[in-house]
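Novice: Turn this into a model:
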Amino acid sequence: MSKVTKDIEAPLAKVFSYIDENKGKFVETLSQAVAIKSVSADPTLRNEVFKMMEWAKTKLLALGAVVELCDIGSQVLDGKNVPLPPVLLGSLGKNPKKTTVCLYGHLDVQPADKSDGWATEPFVLTERDDKLFGRGSTDDKGPVLGWLHAIEAFQNTGSELPVNLKFVFEGMEESGSIGLDKLLMKQKETFFNDVDFVCISDSYWLGTEKPCLTYGLRGMCCFGIEIEGSSKDLHSGMFGGIVYEAMSDLIYVLSQLVDIKGNILIPGINEGVEPLSEKEKELYNKIKFDVDHYCNEIGAYKPLKETKEELLMSNWRYPSLSIHGIEGAFSGSGFKTVIPRKVIGKFSIRLVPNQDPSRIAQIAKAYINKIWEDRQSPNKLNIITEGDGGNPWMTDPFNAHYLAAHNATEMVYSIEPDYTRGGGSIPVTLTLQEVTGKNVLLLPMGAGDDGAHSQNEKIDVRNYIEGTKLMAAYLHEVSKIK
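Specialist: Numbering: from 1, shown residues only. Here you go, the predicted model:
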């Protein structure tokens, strides 16, 4: 990898020094954020998500921002009406001569418990080997705090904040961003009318050494296959061999969705996938990525694809199907010899640009119904879809916005960033592009081995601190765009 040296202008040099000097303080702030159990999927913890949004509001007010917590209504969970956490909309600066950047982040997290296999308490930030372990440390509380620390560094070094800022922070991203799109669309002609660029830091480096800029994401459809076999759970000793079992039916259907090599078995699932162009192929050739090292980092026995290019394309530019779990079946330790009355198998399909979630849902449902018809079971089948699905997103990265981020990356890390697409989904990316009509950039802070959504989620101290400098440098560089 060739090193690049960029001169650091005087205001930024002060900002970078401030960030280094306040490393301990910034880690402590992240510790406070991680301690709030803002799990959006758990209705019993919904009050914690509200607490998290209020906490963020207080932090922004201390920086001088104008902040509003916007009510977006409620949702029905387990037959109960549960209030949705508010969306935080904020503004800092309104100088008409300055560029205005909209920053998006989320403050809710995935569920976590030490019994899941965590080495430490997930909601207690734990530093070990220059890594900060804790739920939300990298997804997405650490990156959100990076923006706030960068602003603080400008303000406390007598350096003028180079741009106007708009903030969109939500508390339901991990649960489908319910209610967010509707709110943002309503604000199109008001809150967003003067936005010049949008930046999101909710993605990751491809590996652990080299930073990147992300210009594409996959969309997603989520499904539940519900099979009901009886009106109550049954004892396998008394009823085994007598009834058609729902679990056996479900395992059969799930086994027909994807093969051993990860190929989706649903006919027509590649509808809309763009052919690979020579120009795109060259981007993959340039990326530094070691397949074996990557598998070792995540503890996988073997990759589905053999080459770097095949593996990256499989994750970025082609749809994939993953089976996530079964609801209604016994999952504790030991044995419980019960035949469950009803089970729900849960899976998702990640979509790529030019694929419509509603169309893919139709294709998947038709295939499952055909599989079920062939099964000839008398049990009841119901196919559940979660929400409207998330649309994929992609932009052209060869523009002034991405160049500004490129220059900022070189300034902080002394290396040119890779240009990557992401295998994950951030549906609000496309929404923000639509409501602003402006270019959206994904500026990752975390590394590829951070374990977002997994046990022992972490962010490296280096990424947290240098990533905060990157955010400051980005604001500085984007302010130069005419």
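
Novice: what helices or strands is the helix-or-strand element of the chain with minimal mean pLDDT leaning on?
Specialist: Taking mean pLDDT, DSSP states H and E as the measure, the chain has helix 278-286 as its least confident helix or strand, at a mean of 83. Helix 278-286 is packed against helix 308-316, with contacts defined by 3 or more C-beta pairs under 8 Å, 6 or more residues apart in numbering; DSSP states H and E. Yep, even glycine has a C-beta here, placed from its N, CA and C like the rest.

Novice: got the CA coordinates for the helix it packs on in CSV?
Specialist: What follows is helix 308-316, C-alpha atoms only, in CSV (Å, rounded to 0.1, in the frame of the first residue of the first chain):
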residue,chain,number,x,y,z
LYS,A,308,-11.5,-12.1,-3.6
GLU,A,309,-13.5,-10.8,-6.5
GLU,A,310,-16.1,-13.6,-6.3
LEU,A,311,-16.5,-13.2,-2.5
LEU,A,312,-16.9,-9.4,-2.6
MET,A,313,-19.4,-9.5,-5.5
SER,A,314,-21.4,-12.2,-3.7
ASN,A,315,-21.7,-9.8,-0.8
TRP,A,316,-22.2,-6.6,-2.6
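
Novice: C-terminal to the least confident helix or strand of the chain, which secondary structure element comes first?
Specialist: On the C-terminal side of helix 278-286, the closest following helix or strand by DSSP states H and E is helix 291-298.

Novice: Can you list the buried residues in stretch 105-117?
Specialist: When neighbours are counted by 16 or more other C-beta atoms under 10 Å, the buried residues of stretch 105-117 are found to be Gly105, His106, Leu107, Asp108, Val109, Gln110, Ala112.

Novice: So which of the residues you listed is the closest to Gly437?
Specialist: Gly105 (21.1 Å; C-beta to C-beta).

Novice: wouldn't the closest one be in contact with Gly142 here?
Specialist: No: assessed by C-beta atoms under 8 Å, Gly105 is found out of contact with Gly142, at 9.8 Å.

Novice: what are the ranges of the helices in the stretch 51-200 of the chain?
Specialist: Using DSSP state H, counting those that start in this stretch, the helices assigned to the stretch 51-200 of the chain run over residues 141-155, 180-186.

Novice: Distance to Gln433, mean neighbour count and mean pLDDT added to those helices, as CSV?
Specialist: Listed next are the helices of the stretch 51-200 of the chain as CSV, based on distance: least, C-beta to C-beta, whole Å; neighbours: other C-beta atoms under 10 Å; pLDDT from 0 to 100:
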stretch, distance to Gln433, mean neighbour count, mean pLDDT
helix 141-155, 19, 25, 98
helix 180-186, 11, 17, 97
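
Novice: Compare those helices and give me the one nearest Leu206.
Specialist: With C-beta to C-beta as the criterion, Leu206 lies closest to helix 141-155 of these, at 16.6 Å.

Novice: can I get the CA coordinates of that closest one in CSV?
Specialist: Coordinates of each C-alpha in helix 141-155 appear next as CSV, following Å, rounded to 0.1, in the frame of the first residue of the first chain:
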residue,chain,number,x,y,z
LYS,A,141,-23.3,5.1,19.1
GLY,A,142,-19.5,5.4,18.6
PRO,A,143,-19.8,7.0,15.1
VAL,A,144,-22.7,9.3,16.3
LEU,A,145,-20.5,10.5,19.2
GLY,A,146,-17.6,11.0,16.8
TRP,A,147,-19.5,13.7,15.1
LEU,A,148,-20.3,15.4,18.4
HIS,A,149,-16.7,15.2,19.5
ALA,A,150,-15.5,16.7,16.2
ILE,A,151,-17.9,19.6,16.7
GLU,A,152,-16.7,20.1,20.3
ALA,A,153,-13.0,20.1,19.0
PHE,A,154,-13.7,22.9,16.6
GLN,A,155,-15.6,24.9,19.2
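
Novice: For it, which helices and strands make contact with it?
Specialist: Going by 3+ C-beta pairs under 8 Å, 6+ apart, helix 141-155 lies up against helix 10-21, helix 23-35, helix 46-62, strand 100-106, helix 461-478.

Novice: for the record, mean pLDDT for the first one?
Specialist: Same thing as helix 10-21. Mean per-residue pLDDT for helix 10-21: 95.

Novice: What residues sit buried inside the least confident helix or strand of the chain?
Specialist: Applying 16+ other C-beta under 10 Å to helix 278-286 flags Leu283, Tyr284 as buried.

Novice: Helix 308-316 and that helix, what's the angle between them?
Specialist: Relative orientation of helix 278-286 and helix 308-316, computed by axes from the mean of the first three to the mean of the last three C-alpha atoms, to 10 degrees: 110 degrees.

Novice: rewinding a little: closest to Pro397 out of the buried residues of stretch 105-117?
Specialist: Among the buried residues of stretch 105-117, and counting by C-beta to C-beta, the member closest to Pro397 is Gly105, at 20.9 Å.

Novice: per-residue confidence at that closest one?
Specialist: At Gly105, the model reports a pLDDT of 98.

Novice: Need phi/psi at the residue in the chain sticking out farthest from the centre.
Specialist: Within the chain, Met238 marks the point farthest from the mean C-alpha position, 46.4 Å out by C-alpha atoms, centre = their mean. Reported as degrees, to the nearest 10, the phi and psi values for Met238 are phi -90, psi -30.

Novice: All set now, cheers.
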